[in-house]
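Student: quick one, structure for this:
(2 chains)
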Amino acid sequence: MAKARAKKELNLESEQLPAFVLEEPRERQHGDLATNLAMLLTKQAKRAPRDIAKIILANLDMEKTRITSYAIAGPGFINFRLDSSWLQDVVPEVLAKGKKYGSLNLGRGEKVQVEFVSANPTGLLHMGNARGAALGDSLAALLAMAGYEVEREFYINDAGNQIYNFALSLEARYLQQLGHDVPFPETGYHGQDLIDTVKRVIEQEGDKYVLMEEELRRKLLVRYALQEKITIIKETLEDFGVSYDVWFSEQSLHESGYIQDTLRKLENQGYIYGKEGALWFKSTLFGDEKDEVLKRSNGVPTYFAADIAYHRNKYERGFKRVINIWGADHHGHVARMKGAMQALRYDPASLQIILMQLVRLIQDGEIVKMSKRSGQYITLRELMDEVGKDAARFFFILRDPDSTVEFDLDLAKSQSADNPVYYVQYAHARLCSILRQAEEQGYDPNLTPTKQQLTLLSAQEEKDLLKKLADLPGEIALAANLTEPHRLARYVLDLASLFHTFYNSQRVLVDDEGLRTARLALIRATKQVIANVLMILGVSAPERM
RNA sequence: GCGCCUGUAGCUCAGUUGGAUAGAGCAUCUGCCUUCUAAGCAGGUUGUCGGGAGUUCGAAUCUCUCCAGGCGCGCCA
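Tutor: Take a look at the predicted model:
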């Protein structure tokens, strides 16, 4: 009715209203809800947006709504203020749901796999891996919170050329340690760690590999070294707060014939051809710049072939959605990987690859080239020792994966006290402290406030805080849909800020019983929400600082 | 050369998919601890949103172009 009248007055012919939005304005002072409808109608109505807004408002029936006031503002926004009593309902809701507050059924239990880090097992984890670990783990936790059934997986690249080089390096070190004058391979791994490893081999097995046939000798040395390396990687990640559901071996794909089988499948579909003695995948059909070798002329499958088989295997394990976190240096691999999935009749859109820009290391004002072979890099372990797990994780999570991170360890050390993670943790500790204080003063902090008492939470600082608490489910939904966990880091910083503001302007432990009970409940709810978000981010929520 | 990413305050970075006066932290200046944790709060200062053009009522956001930086373009992984 109102719509029709307004339409007439504006001389609109079209039945269809433009796609306007009704949303919370960025600036709180503008009101609780705002719409851009009037500005969108300028073209159709051929009138100034503010005039249109007037007509819309004159025809709007606001009886029986929660709109308490409205205004036309700026270029033609219509702002509404709502009766805010509903905000207070968030407190009992948070307290009732506890750890589950913020969890959604967005994913409807769909199986999702997040594969991340998957670092070469020939060395230690470095800064780039740290970024991947922080991002992947919190993304997985975020998706789980949003209602997906999430599995974390680490793909172990324990096959291929690099392992061959690794084997040659180990072999040379082993023989050298036993006094044999053998040259070290040119493309070998120079780190001291390999020498230490072969020393342990010698301690346990002596020199019995010397006379062994070289292929077997290399195989045994590699097996020993890999097992050692992977154990270290696992422990390091555990200490970083990351634990995987599955550790998947590339070598197993070679041994089981799964790669061969996958190649045959591609061949049957007509996506493979032979050239110069090698087998090629027609990746140009899928937008790639050039075709890719799957099997070398020496008969050995490439890393790409193994990776196709690996991803096929993911789908065969029942994942509806597969997310990979790769370093930006693997960018060229994306199109052909998706193409290969399409060739195997999987929906390429269900394979999501998050490219993470590299972490550049700065030392003494200069960029340090990181390389495993040269043995020059800062490890995840060192990072944790220097700045701690929480600060390290928050540092990475706070940043968009698309931005290159410059990391200056000296700066990180000196500034670790300034890491915003402490701002959030401090808020949590402060909240805990208030609850402790309440008990010490003989109050029960766990009293359930009545609806009447909750209406006492009416100060501006309280409303802002309540609003933020109520935002969590929406934030989770948005962050999960966009697969952007860094949004939650921003959210929890905002929340901590609102709490600190509240804390400095309002007292919790007041004499008035009703107000005190309501505020204590607000404190508990705030504490819960901060803890829930920090849980997703893999950051601890300390009770004291 | 081609492809992808980035360029926002002195520094490190956000910016909810095109909205209102572009925001945080660090740095800096001024206030606030006899009351729940000052690792905090309140306020001040700081901007050609890399440059230019276009689309739009409206652009940091979309399009084009130029500039600068990063990464990739192997029968490596």
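Student: every contact and neighbour count from this point should use C-alpha atoms.
Tutor: Will do.
Student: within range of RNA strand B, give me the residues from the stretch 151-300 of chain A.
Tutor: When proximity is defined by C-alpha under 7 Å from any atom of the strand, the stretch 151-300 of chain A lies next to RNA strand B at A:157, A:159-162, A:275-278, A:289, A:292-293, A:295-298.
Student: where's the dip in pLDDT among those?
Tutor: pLDDT across these is at its lowest for residue A:289, which sits at 82.
Student: need the strands for the stretch 351-500 of chain A, in chain order.
Tutor: With DSSP state E, counting those that start in this stretch as the criterion, the stretch 351-500 of chain A has strands at A:351-356, A:359-363, A:366-368, A:405-408.
Student: and of these, who's closest to RNA strand B?
Tutor: RNA strand B lies closest, by C-alpha to the nearest atom of the strand, to one member of the strands of the stretch 351-500 of chain A: strand A:405-408, at 4.0 Å.
Student: any chance you could list what contacts that closest one?
Tutor: Residues outside strand A:405-408 that contact it (C-alpha atoms under 8 Å, 6 or more residues apart in numbering): A:357-363.
Student: can you select the buried ones from these in PyMOL?
Tutor: Restricted to buried positions by 16 or more other C-alpha atoms under 10 Å, the PyMOL selection for the contacts of strand A:405-408 reads:
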select buried, chain A and resi 357+358+359+360+361+362
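Student: and RNA strand B, which of the contacts of strand A:405-408 reach it?
Tutor: A:357-358.
Student: need the contacts of strand A:405-408 in TSV with distance to residue A:171 and pLDDT, can you?
Tutor: Output for these, formatted as TSV (distance: C-alpha to C-alpha, whole Å; pLDDT from 0 to 100):
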residue	distance to residue A:171	pLDDT
A:357	35	89
A:358	32	85
A:359	32	86
A:360	32	80
A:361	32	76
A:362	34	71
A:363	34	67
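Student: can you list the contacts of strand A:405-408 in JSON lines and add distance to residue A:174?
Tutor: Shown next, in JSON lines, are those (distance: C-alpha to C-alpha, whole Å):
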{"residue": "A:357", "distance to residue A:174": "37"}
{"residue": "A:358", "distance to residue A:174": "34"}
{"residue": "A:359", "distance to residue A:174": "34"}
{"residue": "A:360", "distance to residue A:174": "34"}
{"residue": "A:361", "distance to residue A:174": "32"}
{"residue": "A:362", "distance to residue A:174": "35"}
{"residue": "A:363", "distance to residue A:174": "34"}
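Student: just the ones of the residues of the stretch 151-300 of chain A next to RNA strand B in helices?
Tutor: The members of these that map onto helices under DSSP state H are A:161-162.
Student: hmm, which of the residues of the stretch 151-300 of chain A next to RNA strand B are the buried ones?
Tutor: Buried members of those, counted by 16+ other C-alpha under 10 Å: A:157, A:159-160, A:162, A:278, A:292-293, A:295.
Student: quick check: the farthest pair among these?
Tutor: Distance extremes for these: the farthest pair is A:157 and A:278 at 22.5 Å, using C-alpha to C-alpha.
Student: which residue is nearest the centroid of chain A?
Tutor: Nearest residue to the geometric centre of chain A (C-alpha atoms, centre = their mean): residue A:139, 3.1 Å.
Student: list the residues that contact it.
Tutor: Residues in contact with residue A:139 (C-alpha under 8 Å, 6+ apart) are A:480, A:483-485.
Student: any low-confidence regions in the stretch 201-350 of chain A?
Tutor: Within the stretch 201-350 of chain A, no range satisfies pLDDT under 70.
Student: now do the strands in the stretch 151-300 of chain A.
Tutor: Applying DSSP E, counting those that start in this stretch to the stretch 151-300 of chain A gives strands spanning A:246-249, A:272-275, A:278-281, A:292-295.
Student: now these in JSON lines, with distance to residue A:308?
Tutor: Formatted as JSON lines, the strands of the stretch 151-300 of chain A follow (distance: least, C-alpha to C-alpha, whole Å):
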{"stretch": "strand A:246-249", "distance to residue A:308": "14"}
{"stretch": "strand A:272-275", "distance to residue A:308": "13"}
{"stretch": "strand A:278-281", "distance to residue A:308": "11"}
{"stretch": "strand A:292-295", "distance to residue A:308": "9"}
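Student: tell me who's in contact with the nearest residue to residue A:187 once chain neighbours are set aside.
Tutor: Spatial nearest neighbour of residue A:187, chain neighbours left out: residue A:165 (6.8 Å); criterion: C-alpha to C-alpha, 6 or more residues apart in numbering. Residue A:165 makes contact with A:185, A:187-189, according to C-alpha under 8 Å, 6+ apart.
Student: who wins on neighbours among those?
Tutor: Using other C-alpha atoms under 10 Å as the neighbour test, the contacts of residue A:165 are led by residue A:189, with 23 neighbours.
Student: just checking, it touches residue A:172?
Tutor: No - the pair residue A:189 / residue A:172 is not scored as a contact, 10.4 Å apart, by C-alpha atoms under 8 Å.
Student: re the thing from before, weakest of the strands of the stretch 351-500 of chain A by average pLDDT?
Tutor: For these, mean pLDDT drops lowest on strand A:366-368, to a mean of 65.
Student: now, which of the residues of the stretch 151-300 of chain A next to RNA strand B sits nearest residue A:37?
Tutor: Relative to residue A:37, the closest of these is residue A:289; by C-alpha to C-alpha it sits at 45.3 Å.
Student: how close does that closest one sit to residue A:474?
Tutor: Distance, residue A:289 to residue A:474, using C-alpha to C-alpha, to the nearest Å: 40 Å.
Student: then residue A:532?
Tutor: Distance from residue A:532 to residue A:474, by C-alpha to C-alpha: 14 Å.
Student: equivalent analysis for residue A:200, please.
Tutor: Using C-alpha to C-alpha, residue A:200 is found at 54 Å from residue A:474.
Student: who's more crowded, these two?
Tutor: Neighbour totals were compared for residue A:200 and residue A:474, and residue A:200 leads with 15 against 12 (other C-alpha under 10 Å).
Student: how far away is the more buried one from RNA strand B?
Tutor: To RNA strand B, residue A:200 is 26 Å away according to C-alpha to the nearest atom of the strand, to the nearest Å.
Student: alright, that wraps it up for me.
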